[in-house]
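> Quick one, structure for this:
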Amino acid sequence: MPEVSATDASRNFADLLDAVEHDGASFTIVRRGKVIAELHPAPTASGAKVKEFLRRHRVDEAWAGELAELRSTLIPEDRF
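This next block holds a predicted model:
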């Protein structure tokens, strides 16, 4: 991950963001020789990742029953 001084990062922030957004680049921001931040693409989620997660973590039928029972005892707020 390339190091960029805080001053250069400030002066070229839009260019850094473009590189992160379009190229998936990451940067380490350094001030006075000390690493102060990392700039990298934000993690993304997709329906495929959610489906994969749900396939790996099947529904616990006992918990689902307890949840349904608990929900049946709740009183909607608009009844107060």
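
> Please identify the buried residues of the top helix by length along the chain?
Longest helix of the chain, by residue count under DSSP state H: helix 61-73. Of the residues in helix 61-73, none has enough neighbours to count as buried (16 or more other C-beta atoms under 10 Å). Every C-beta, even on glycine, is put in place using the N, C-alpha and C of the backbone.

> And the average pLDDT for that helix is what?
Averaging pLDDT along helix 61-73 yields 87.

> How far does it sit from its chain's centre?
Relative to the centre of its chain, helix 61-73 is centred 30 Å away, using C-alpha atoms, centre = their mean, to the nearest Å.

> domain parsing for the chain?
3-39, 47-75 (automatic domain parsing).

> Deepest-packed of those, please.
Most buried of the domains of the chain by mean neighbour count (mean count of other C-beta atoms under 10 Å) is domain 3-39; its value is a mean of 13.

> any low-confidence regions in this structure?
79-80 (pLDDT under 70).

> which outside residues touch the helix or strand encompassing residue 54?
Element membership for residue 54, per DSSP states H and E: helix 47-56. Residues outside helix 47-56 that contact it (C-beta atoms under 8 Å, 6 or more residues apart in numbering): none.

> redo that, cut-off 10 Å
Helix 47-56 is contacted from outside by 43, 45, 46, using C-beta atoms under 10 Å, 6 or more residues apart in numbering.

> what about the nearest residue to residue 5 once chain neighbours are set aside, which SS state?
Here the nearest residue to residue 5 in space, its sequence neighbours aside, is residue 30; by C-beta to C-beta, 6 or more residues apart in numbering that works out to 5.8 Å. Per DSSP: H, G, I helix; E, B strand; the rest coil, the secondary structure class of residue 30 is strand.

> re earlier: convert the longest helix of the chain to PDB, retaining C-alpha atoms only.
The C-alpha atoms that make up helix 61-73 are tabulated as PDB, following Å, rounded to 0.1, in the frame of the first residue of the first chain:
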ATOM      1  CA  GLU A  61     -36.300 -24.300  14.200                       C
ATOM      2  CA  ALA A  62     -36.500 -24.200  18.100                       C
ATOM      3  CA  TRP A  63     -35.400 -20.600  18.100                       C
ATOM      4  CA  ALA A  64     -37.800 -19.700  15.300                       C
ATOM      5  CA  GLY A  65     -40.600 -21.200  17.300                       C
ATOM      6  CA  GLU A  66     -39.600 -19.200  20.400                       C
ATOM      7  CA  LEU A  67     -39.400 -16.000  18.400                       C
ATOM      8  CA  ALA A  68     -42.900 -16.600  16.900                       C
ATOM      9  CA  GLU A  69     -44.300 -17.200  20.400                       C
ATOM     10  CA  LEU A  70     -42.600 -14.100  21.700                       C
ATOM     11  CA  ARG A  71     -43.900 -12.000  18.800                       C
ATOM     12  CA  SER A  72     -47.500 -13.100  19.500                       C
ATOM     13  CA  THR A  73     -47.300 -11.600  23.000                       C
END
